[in-house]
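Trainee: make a model of this:
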Amino acid sequence: MKILILVGLISLSVLAQGQVDEGQAIMQPIAKLFTGMNLGDSAMVHSAFTQNVTMATIMKDKSGKQILKSESSMAGFLKAVGTPHAEPWSEPIWDTKIEVDGTFAQVWAQYAFYSGKKFNHCGVDAFHLVKEESGWKIFHLADTRHTVDCKVPASVSDQFK
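Mentor: Okay, here's the model as predicted:
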């Protein structure tokens, strides 16, 4: 019986380690996206995504009406990232949740967007990823954007003081 329990514990440990490693692999293209944004490196950003990508943003316009902006091309986003801007862009995330089914993964995370040290907006990032031969890649990115009622943890906001 003791041997059976020990084998079970070892199996759980190996399984947990495999899940941690897969979670890290899933997060790599997301980290690459944010690093590329921070460096203004559109090629690095582009390498985090599959060839065909969709993007969507849910936000309110100036009158307070909810709008959904969707894109079936990354061209505008890549141009914005690669165009020199005075301050680096930073998008720290927290409360990350990863769900996986085979070669499909979803990552949901709270985020705050900063231009230099200036807070711009917050919301949720929702990434859909596929595992290709070369590794995990983002094929869809949706986000919400808020400028009020943002609950950014001090551990994040203190980095930008």
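
Trainee: strands along the protein, start to end?
Mentor: 49-60, 66-71, 89-90, 93-101, 104-115, 118-132, 135-144 (DSSP state E).

Trainee: quick one: closest of those to Asp41.
Mentor: strand 89-90 (11.0 Å; CB to CB). Using the backbone N, CA and C atoms, a C-beta is placed for each residue, glycine as well.

Trainee: ok, the closest one: who's next to it in the sheet?
Mentor: Strand 89-90 has the following sheet partners, assigned by DSSP bridges: strand 104-115 (antiparallel).

Trainee: mind checking which of the strands of the chain is nearest Thr83?
Mentor: strand 89-90 (11.2 Å).

Trainee: of all the strands of the chain, which one comes closest to Ala25?
Mentor: strand 135-144 (5.7 Å).

Trainee: nearest residue to the middle of this structure?
Mentor: Compute the mean C-alpha point of the chain, and by CA atoms, centre = their mean the closest residue is Ile30, 4.6 Å away.

Trainee: for Lys161, see how far away that residue is.
Mentor: 25 Å (CB to CB, to the nearest Å).

Trainee: please name the nearest non-neighbouring residue to Lys137.
Mentor: Thr50 (4.5 Å; CB to CB, 6 or more residues apart in numbering).
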